[in-house]
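**Q** Below is the sequence, then the predicted model.
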Amino acid sequence: MSVSSPSVPRLVRVTLVHWLVLPDSWIKLNTDDSYNQHRGVASGGGLILDHLGALLLGFHTPLVVTSNFDVELQMLLHGLYLAR
């Protein structure tokens with residue numbers, strides 16, 4: 001038999017996030033990735049947006065890495081290569 005304790009309300013902090021219009025001819029690169037150290041697999045993807053926030057390109061790729069830092073770096077480099 002288990003005894004459960006009453007729920008304690010938790011304070012939730014809400015942060016408003018919004019798009020800031022970039023100067024003309026600028027683009028924005030957003031990347032995200034995942035790395036499973038135990039299985040040795042990683043993948044990542046990203047979006048390239050124009051100065052108004054319209055999608056120019058979306059991408060996803062498997063990665064061969066040895067650390068979480070390596071995953072982050074490879075995704076940044078891959079996104080910069082595609083954005084050139």
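**A** Right, received. Where do you want to start?

**Q** okay, CA-based contacts and neighbour counts for the rest of this
**A** Noted.

**Q** how far away is G79 from S7?
**A** 44 Å (CA to CA, to the nearest Å).

**Q** L29 now?
**A** On the measure of CA to CA, L29 and S7 end up 41 Å apart.

**Q** Compare neighbour counts for the two and give me the winner.
**A** L29 (16 against 6; other CA atoms under 10 Å).

**Q** which ones are touching the more buried one?
**A** Contacts of L29 were listed using CA atoms under 8 Å, 6 or more residues apart in numbering, and they are G46, L47, I48, L49, G79, L80, A83.

**Q** List the backbone torsions phi and psi for the third one.
**A** Read it as I48. Here is the backbone geometry of I48 (degrees, to the nearest 10): phi -120, psi 120.

**Q** Can you tell me the closest non-neighbouring residue to it?
**A** Using CA to CA, 6 or more residues apart in numbering and skipping the chain neighbours, the partner closest in space to I48 is L29 (4.7 Å).

**Q** Please narrow the contacts of L29 to those residing in helices.
**A** Mapping those onto helices (DSSP state H) picks out G79, L80, A83.

**Q** For L52, see how far away the second one is.
**A** If I follow you right, that is L80. 19 Å.

**Q** So which of these two has more stuff around it?
**A** L52 (16 against 12).

**Q** can I assume the more buried one sits in a strand?
**A** No: according to DSSP: H, G, I helix; E, B strand; the rest coil, L52 belongs to no strand; its state is coil.

**Q** Contacts only, for the most centrally placed residue in the chain.
**A** Note on the chain: the residue nearest the mean C-alpha position is D32, at 2.4 Å, using CA atoms, centre = their mean. Neighbouring residues of D32 by CA under 8 Å, 6+ apart: G44, G45, G46, E72, M75.
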